[in-house]
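> All I have is the shape, not the residue letters:
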DNA sequence: ATAGCTTCTGTAGCCACTACAGGATCAAGG
DNA sequence: CCTTGATCCTGTAGTGGCTACAGAAGCTAT
């Protein structure tokens, strides 16, 4: 059994975030030592690592929670997992498109911006466009 | 002079958001009619439209505020505008890269997910990877 | 005994809104 | 004149996902 700092180090999840996940009911409450300190089992730390990876893949926390539950239920429900992941990938692609649109617009707008300009073309575009 | 609903319609900025911008000091406090209702001039509405366009270009609100100030100061400081915009475009490109990384990872992880699977490969990757 | 590290609880801040609640006022129709 | 419904007002709380304290207690090493 490990203290919260050790669990944080082993899982890569910050201490405050671990307590936050506990408050939110995303991970079960860990055991407490006689001095009231949280004590984490290897399985607890595995859950944190699982959540960490979900978050790194950009899943919303609610999805991460669902995935964790699916992972711990009897027999992996691969279809539900796939549905979640595919919806997420669609969202990611949407965001990419949106950002590429932004990038193109910004690039075009800044192209004519030069330090010597009396009237800034970007500002005038923002004012009138 | 226009009431807040009309200002919202003309600028595309939501009513609650207009009041929020006022609270945050991003736009000056508008005049009030005798019945205490906010009254917006064409210039006020122009400011809101300006902010709206900045936000649509993905500028953080703090940047939008700065751009508005630059826009209203004597002589457009094109260099400052350009610096802001170029930094923003760099951030956008970073985000795009990050999302593309996510997309590739997710696509690979879901590729082997099929509804008939007994053990979900995505889950097992999250558990062990 | 002391110093410094870790942990505890509880609360507030971040960003940029958004959504109420509960009340006042206005414009139009009967 | 009265009602109905739209609009407006202030103030507060919620969103997501943490992050940063404050102030106290306990642990470990010297």
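That came in fine, so what should we check first? Given the structure is predicted, the values throughout are model-derived calculations rather than measurements.

> How about the contacts made by residue A:85?
By C-beta atoms under 8 Å, 6 or more residues apart in numbering or on different chains, residue A:85 lies in contact with B:106, B:109, B:110, B:113, B:122. (Each C-beta comes from the backbone N, C-alpha and C, glycine too.)

> What are the phi and psi values at it?
Residue A:85 has phi and psi values of phi -70, psi -40 when expressed as degrees, to the nearest 10.

> remind me which residues of chain A are low pLDDT?
A:114-117 (pLDDT under 70).

> so how many other residues sit close to residue A:74?
Here the count is done by other C-beta atoms under 10 Å in any protein chain shown, and residue A:74 has 5 residues near it.

> again with the one 5 residues further on
Residues within reach of residue A:79, counting by other C-beta under 10 Å, total 14.

> quick one: the strands in chain A?
Using DSSP state E, the strands assigned to chain A run over residues A:31-32, A:38-39.

> between the ones you listed, which gets nearest to DNA strand C?
When the strands of chain A are compared for distance to DNA strand C using C-beta to the nearest atom of the strand, the nearest one is strand A:38-39, at 3.3 Å.

> How about residues contacting that closest one?
Contact partners of strand A:38-39, identified using C-beta under 8 Å, 6+ apart, comprise A:1, A:2, A:3, A:4, A:7, A:22, A:30, A:31, A:32, A:33.

> Which residue, other than its chain neighbours, is closest to residue A:113?
Taking C-beta to C-beta, 6 or more residues apart in numbering or on different chains, and ignoring the residues beside it in sequence, residue A:113 has residue B:82 as its nearest neighbour in space, at 4.1 Å.

> dump the residue contacts of residue A:49.
When the contact criterion is C-beta under 8 Å, 6+ apart, the partners of residue A:49 are A:10, A:11, A:12, A:13.

> still on that earlier bit, which two among the contacts of residue A:85 are spaced furthest apart?
In terms of C-beta to C-beta, the contacts of residue A:85 reach their longest pairwise distance at B:106 and B:113, which sit 10.6 Å apart.

> Next, count neighbours for the nearest residue to residue A:63 once chain neighbours are set aside.
Counting by C-beta to C-beta, 6+ apart, residue A:63 lies nearest to residue A:84, which is 5.6 Å off, once chain neighbours are set aside. When neighbours are counted by other C-beta under 10 Å, residue A:84 registers 20.

> Need the contacts of residue A:49 in a markdown table (columns: distance to residue A:75 and neighbour count).
Output for the contacts of residue A:49, formatted as a markdown table (distance: C-beta to C-beta, whole Å; neighbours: other C-beta atoms under 10 Å in any protein chain shown):
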| residue | distance to residue A:75 | neighbour count |
| --- | --- | --- |
| A:10 | 28 | 16 |
| A:11 | 26 | 22 |
| A:12 | 28 | 14 |
| A:13 | 27 | 22 |
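
> quick one: which of the residues you listed is nearest residue B:91?
residue A:12 (24.4 Å).

> what's next to stretch A:59-77, contact-wise?
Under the contact criterion C-beta under 8 Å, 6+ apart, stretch A:59-77 has outside partners A:24, A:26-27, A:47, A:50-51, A:54-55, A:80-81, A:84, A:88, B:117-120, B:123-124, B:126-127.
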